[in-house]
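A.B. asks: sequence unknown, structure follows:
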């Protein structure tokens with residue numbers, strides 16, 4: 001009989017335990033979890049805080065009792081493994097309720113310790129008004145403060161997944177919410193231009209944003225807690241949510257002599273095996289292969305953790321199974337919007353020295369003649385030469401999750417950017433267009449690669465506006481142009497263009513903009529076939545306004 005000990009529950013440990021039992025009915029399985037719950041939906045915690053998920057019981061996926069009844073698995077909550085001895089193949093455990101310390105032997109050991117919320121050691125950071133968002137106990141404590149202690153305001157420090165989801169739910173619960181970040185953008189995984197679209201959403205929903213603010217200390221006041229940024233720069237709130245990130249919980253592995261990777265996580269092979277042959281590791285604490293860069297990295301997402309757990313369980317039970325890696329595909333709801341991404345961002349591609357091309361488009365989620373059609377903004381990167389898809393970021397309303405999943409699947413299947421043009425995707429007016437947004441990405445890439453279209457981007461506009469040797473053209477209607485336009489762009493509607501070519505100098509390159517990039521593309525085709533050298537603006541004026549002009553206006557106001 002194989003004796004398997006699992007350290008840590010939730011996505012990694014609980015999934016592996018159930019899989020091992022399905023593969024081996026005779027195995028003795030013990031799960032140690034230092035918190036009070038072994039299998040809970042930590043991704044649902046922000047929604048419990050905001051009252052969307054009612055009752056803490058809805059966060060609990062399985063109890064120790066249900067594990068025992070269905071799987072005959074011995075789950076010991078509030079029992080913390082404090083030492084691993086790989087030589088003797090034992091673990092030392094402390095019962096957190098009575099303090100008793102005892103040992104258990106193992107044949108195979110699986111580590112799923114997860115990650116710890118980063119809690120900066122600042123003056124006043126031990127205040128009871130400061131909270132992290134990681135466990136069910138954290139959620140219950142914050143929810144009680146909101147409902148029973150009548151908290152009116154909150155400062156959320158951090159603009160990643162947990163920070164944004166928590167801020168959204170606090171705001172929906174009627175809490176005056178401010179997000180504080182050290183950088184100049186929210187959602188650091190995304191590029192700055194796409195993040196600006198997220199800024200607009202939060203501002204529109206009453207959430208205040210404080211950028212480039214480094215909290216130096218916390219001071220408890222009569223009215224709450226003060227976040228000190230500088231000598232005369234501070235913010236007072238009833239409570240603070242710390243969501244500045246997580247770090248892999250590797251203390252057990254390190255003390256046991258297991259090899260750690262360059263990023264500080266536990267090093268594992270494709271079988272999720274550590275440097276000790278009988279010890280496996282999964283989840284937020286391990287370094288896995290990034291499918292785009294090929295580098296080992298930390299990816300703290302539930303999807304990869306579950307798949308890693310399945311692979312580890314297979315190998316523990318003698319089935320040769322391998323984990324190929326992750327492109328870090330993710331999706332998040334932000335009020336009425338959805339933001340998603342897969343692969344790498346433009347800033348990551350630049351840092352890696354990858355020669356890339358980018359596409360920005362704003363297609364409708366479904367047929368525009370069907371009621372309720374709304375546009376999404378897509379930013380897609382691919383490698384020049386190979387045409388390998390590097391990454392995609394999408395922000396919009398309905399249909400965002402569908403498109404990001406198609407792109408992620410295409411990436412993992414090794415498809416090129418132009419292969420997307422031929423994908424046979426489902427179509428009906430309420431769900432898509434005959435030319436799906438994913439197909440449109442492929443069409444645009446084909447046009448660029450065969451030389452039919454040249455592009456320019458928002459970051460090129462300031463230098464173009466200062467250049468007298470170019471002609472800047474806006475092909476929208478006069479009404480659209482009158483509601484707002486980029487400085488120095490001359491308005492000639494596309495439908496009038498053929499009759500007004502004499503207004504455009506032949507000896508200057510023409511840079512063309514429209515609302516979404518479609519009419520400007522048509523204008524470029526007209527101009528190119530009349531002997532002009534033409535460039536199409538990627539993303540259209542709608543993207544330029546949201547990513548550049550609106551952000552500039554908001555920053556001046558703040």
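C.D. replies: All right, it came through fine. Computed from a predicted structure; not experimentally measured. Residues are numbered from 1 along each chain as shown.
A.B. asks: within the sheet, what are the partner strands of the host helix or strand of residue 156, with directions?
C.D. replies: Assigned by DSSP states H and E, residue 156 belongs to strand 153-157. Using DSSP bridges, strand 153-157 pairs in its sheet with strand 176-180 (parallel), strand 239-242 (parallel).
A.B. asks: what does the first one rub up against?
C.D. replies: Residues outside strand 176-180 that contact it (Cβ atoms under 8 Å, 6 or more residues apart in numbering) are 152-159, 163-164, 167, 170-171, 186, 202, 206-210, 213, 215, 227, 235, 237. (Glycine included, C-beta is placed from N, CA and C.)
A.B. asks: beyond the strand holding residue 156, next helix or strand please.
C.D. replies: Trace forward from strand 153-157 with DSSP H and E and the next one is helix 161-172.
A.B. asks: what comes into contact with that next one?
C.D. replies: Looking at helix 161-172 with Cβ under 8 Å, 6+ apart, the contacting residues turn out to be 46-47, 49-52, 133, 146, 154, 156-157, 177, 179, 181, 186-187, 198, 202, 205-207, 241, 243-244, 330, 332-335.
A.B. asks: try it again at 7 Å.
C.D. replies: Outside of helix 161-172, the residues within contact range by Cβ atoms under 7 Å, 6 or more residues apart in numbering are 46-47, 49-50, 52, 133, 154, 156, 177, 179, 186-187, 205-207, 241, 243, 332, 334-335.
A.B. asks: mind listing which of those residues are in strands?
C.D. replies: 154, 156, 177, 179, 241, 332, 334 (DSSP state E).
A.B. asks: now do the contacts for the second one.
C.D. replies: Each residue near residue 156 by Cβ under 7 Å, 6+ apart is listed here: 163, 166, 167, 177, 179, 180, 241, 243.
A.B. asks: ok, and the most crowded of these?
C.D. replies: Within the contacts of residue 156, residue 167 tops the neighbour count with 30 neighbours, counted by other Cβ atoms under 10 Å.
A.B. asks: could you measure from that one over to residue 56?
C.D. replies: 21 Å (Cβ to Cβ, to the nearest Å).
A.B. asks: with residue 456 instead?
C.D. replies: Residue 456 is 53 Å from residue 56, by Cβ to Cβ.
A.B. asks: returning to what we had before: which members of the ones in strands among the contacts of helix 161-172 are the farthest-apart pair?
C.D. replies: Taking Cβ to Cβ, the two most distant members of the ones in strands among the contacts of helix 161-172 are 154 and 332; they sit 19.0 Å apart.
A.B. asks: tell me which of those two has more neighbours.
C.D. replies: residue 154 (27 against 19).
A.B. asks: residues contacting the more buried one?
C.D. replies: 170, 175, 177, 237, 238, 239, 241.
A.B. asks: can you map out the strands along the stretch 101-250 of the chain?
C.D. replies: For the stretch 101-250 of the chain, applying DSSP state E, counting those that start in this stretch gives strands covering 101-105, 108-111, 115-117, 130-132, 153-157, 176-180, 208-210, 217-221, 224-230, 233-237, 239-242, 246-248.
A.B. asks: which of the contacts of strand 176-180 are buried? Put it as a PyMOL command.
C.D. replies: A single PyMOL command suffices to select whichever of the contacts of strand 176-180 are buried according to 16 or more other Cβ atoms under 10 Å:
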select buried, resi 153+154+155+156+157+158+159+163+164+167+170+171+186+202+207+208+209+210+213+215+227+235+237
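A.B. asks: hey, which helix or strand in the chain has the poorest pLDDT?
C.D. replies: Every helix and strand in the chain was compared by mean pLDDT, DSSP states H and E; the lowest is strand 39-40, with a mean of 68.
A.B. asks: what sits against the spatially most central residue of the chain?
C.D. replies: By Cα atoms, centre = their mean, the chain has its centre lying nearest to residue 330, at 4.8 Å. Shown in contact with residue 330 (Cβ under 7 Å, 6+ apart): 301, 340, 341.
A.B. asks: quick one, what contacts the first one?
C.D. replies: Contacts for residue 301 were tallied using Cβ under 7 Å, 6+ apart; they are 328, 330.
A.B. asks: look up phi and psi at it.
C.D. replies: Geometry field for residue 301 lists phi and psi as phi -130, psi 150, criterion degrees, to the nearest 10.
A.B. asks: if I look at it, how far off is residue 115?
C.D. replies: 11 Å.
A.B. asks: is it fair to say residue 11 lies in a helix?
C.D. replies: Yes: assessed with DSSP: H, G, I helix; E, B strand; the rest coil, residue 11 lies in a helix.
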